[in-house]
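**Student:** predicted model and sequence below, questions to follow.
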Amino acid sequence: MPGDLKDGRIVIVGASLAGLRAAEALREEGFTGSLTVVGDEPHPPYDRPPLSKQVLLGQAAADTTGLPMRQDPNADWRLGVRATGVDLLAKQVLLADGESLPYDRLLIATGTRARPWPNPEEAALDGVFTLRTREDAGGLAKGLAAGPERVLVIGGGFTGSEIASACRERGLEVTVAERGPAPLVGALGGTLSKLAAVMQRNHGVDLRTGVTVTALRGNGRFTGAELSDGSRVDADVCVVALGAVRNVEWLAESGLAAGPRGIACDAGCRAFNMYGIVTDDVFVAGDVSRFPHPLFGYQMLSLEHWGNAVEQAEVAAHNMVNPGPLQRPHLAIPSFWSTQFGLNIKSVGVPTYSDHVVIAQGSLEARRLAMVYGYKGRVTAAVTVDMAKSLDYYRHLIETAAPFPPQPGAADRAIAADVPIPSDVPDPKGLSHGPTVALTGYLPDRRLTLVQPG
């Protein structure tokens, strides 16, 4: 590594939101060296939230979702080429076209991909979709615009629920099949998931819970699915919304602490190797990372959030070009939002890191509320439904480790007299969808056998 951290060679693998914002931040931090961004898709970085919203509603074309650049990062963009490995000793990134890119510092921002339907032959049926890429969204939007008689959505997480909401807004009949007891239960726990189930059914969704899809049927084209309860759903379009797979396979032989739950890094975004030793020249940002957070028991958090990708990318970029005493931690409070079935759902903190919840404002019946989550007597998260202006108050409670249940004082209404009840967060293994904030335990995420010399 050169003595001047503002110079040298930096390679970013992942032409994603995190990759773009990191490249911009590096230049803003005064980095003057060579900057290369590698991406396996042929497009420049684009925005993913509109893919399950405006694009599916026909309000925007998939190819108009490109991310604006705050400034030209003056990078060498290697698009449409896949990274296949990293040689930590030689400090090179290996590419699928046979080229090797030398680096002084490396940022991994490869994100996630949609979890595919497990049967490849059934997944290949015409009319079966996943939703992650620009091409996915364009194809699905075209399929919905054709006016299918029914759409089957497999998975009741945020992506599946937003797809179902778009279908109903288009006037399409839709069935949602969820293995768990309710939609969104993996992200929000049992109480709010009941409201999500009511809202879906009130908007005409054929919601099937506690079931799995056992087979997709069709002869070249999808015609329906068989369910574990013995029933069958006849449909023309199927969207597989079974969560995300982190793009780490290319790092299998790298020696980094990379596994199915992401790449482990410290709070400064520096990657760990498989023995838990922090690296000095490999950094991680975005959906592919998992990092410790002191407010949540130093659990390793894995987030699939737009805001986290931006914030973590900027921290990683800062730390890549500044010496140790000037480096800073990524300690942002997780937050995300979703609009579906006429509801604006916003979350701050980690709802899955909880043992009890209380409705602090509003009510389930009014469909306007603030629910506060606690763990071992302190506030760890809050979710609002059509009450977003209260969220900053609860963010402050999380940041200050305020006692749970919270005292009165939130914005527009006195705190309710509700008694805390169990948060009822299920084991993700029993769901068709995963949490948007995952607690991945500690590190590493693989078991090693240590053999001591004779």
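**Tutor:** Nice, thanks for sending it over.

**Student:** which secondary structure state does the closest residue to P45 other than its chain neighbours sit in?
**Tutor:** Counting by CB to CB, 6 or more residues apart in numbering, L20 is the residue found nearest to P45 once chain neighbours are left out, at 4.1 Å. The C-beta positions use only the backbone N, C-alpha and C, and glycine is treated the same way. Classification of L20 using DSSP: H, G, I helix; E, B strand; the rest coil returns helix.

**Student:** which residues touch L20?
**Tutor:** For L20, the contacting residues are V37, P44, P45, L67, M69, P73, by CB atoms under 8 Å, 6 or more residues apart in numbering.

**Student:** same question for R368.
**Tutor:** R368 makes contacts with G362, V385, D386, M387, as judged by CB under 8 Å, 6+ apart.

**Student:** any idea what it is bridged to?
**Tutor:** S363 (DSSP bridges).

**Student:** ok, it to E249 distance?
**Tutor:** R368 sits 44 Å away from E249, going by CB to CB, to the nearest Å.

**Student:** can you pull out the strands in the stretch 251-400 of the chain?
**Tutor:** Taking DSSP state E, counting those that start in this stretch, the strands of the stretch 251-400 of the chain run over residues 258-259, 262-264, 270-272, 278-284, 289-292, 300-303, 335-340, 343-349, 356-363, 368-375, 378-385.

**Student:** and the third one, what's its mean pLDDT?
**Tutor:** The pLDDT scores in strand 270-272 average 97.

**Student:** do the last one as well
**Tutor:** This predicted structure assigns strand 378-385 an average pLDDT of 96.

**Student:** tell me what it is packed against?
**Tutor:** When contacts are defined as 3 or more CB pairs under 8 Å, 6 or more residues apart in numbering; DSSP states H and E, strand 378-385 packs onto helix 190-202, strand 343-349, strand 368-375, helix 391-399.

**Student:** please identify the most buried of these.
**Tutor:** Highest mean neighbour count among the helices and strands packed on strand 378-385 (mean count of other CB atoms under 10 Å): strand 368-375, with a mean of 25.

**Student:** which ones are touching C265?
**Tutor:** A271, F272, F283, V284, S289, R290, F291.

**Student:** mind running it again at 7 Å?
**Tutor:** A271, F272, V284, S289, F291 (CB atoms under 7 Å, 6 or more residues apart in numbering).

**Student:** V284 is in contact with the first one, correct?
**Tutor:** Yes: with contacts counted by CB atoms under 7 Å, A271 reaches V284, the gap being 5.0 Å.

**Student:** which one of the two is surrounded by more residues?
**Tutor:** Legend: neighbour count by other CB atoms under 10 Å for A271 and V284, higher for V284 (30 against 26).

**Student:** now that one, which residues is it bridged with?
**Tutor:** Counting by DSSP bridges, the residues bridging with V284 are I108.

**Student:** per-residue confidence at it?
**Tutor:** Confidence score, pLDDT, at V284: 98.

**Student:** residues touching it, list them.
**Tutor:** Applying CB under 7 Å, 6+ apart to V284 gives the contacts I108, I263, C265, C269, A271.

**Student:** of the contacts of R368, just say which sits nearest to Q327.
**Tutor:** Relative to Q327, the closest of the contacts of R368 is M387; by CB to CB it sits at 37.3 Å.

**Student:** the helix or strand hosting I12 vs strand 278-284, what angle?
**Tutor:** Per DSSP states H and E: I12 is located in strand 9-13. Interaxial angle, strand 9-13 versus strand 278-284 (axes from the mean of the first three to the mean of the last three CA atoms, to 10 degrees): 60 degrees.

**Student:** packing partners of strand 9-13?
**Tutor:** Contact here means 3 or more CB pairs under 7 Å, 6 or more residues apart in numbering; DSSP states H and E; on that basis strand 9-13 packs against helix 17-28, strand 34-39, strand 105-108.

**Student:** after the shortest one, which helix or strand is next? Please name it.
**Tutor:** The C-terminal neighbour of strand 105-108 among helices and strands, as given by DSSP H and E, is strand 112-114.

**Student:** how about the helices in this structure?
**Tutor:** 17-28, 120-123, 134-145, 158-169, 185-188, 190-202, 306-320, 391-399 (DSSP state H).

**Student:** so which of those comes closest to P426?
**Tutor:** helix 185-188 (5.9 Å).

**Student:** mean confidence score for that closest one?
**Tutor:** Rounded mean pLDDT across helix 185-188 is 91.

**Student:** now the closest residue to G210 other than its chain neighbours. Its backbone dihedrals?
**Tutor:** Nearest non-adjacent residue to G210, counting by CB to CB, 6+ apart: P181, 6.2 Å away. Torsion angles at P181 (phi, psi; degrees, to the nearest 10) stand at phi -80, psi -10.
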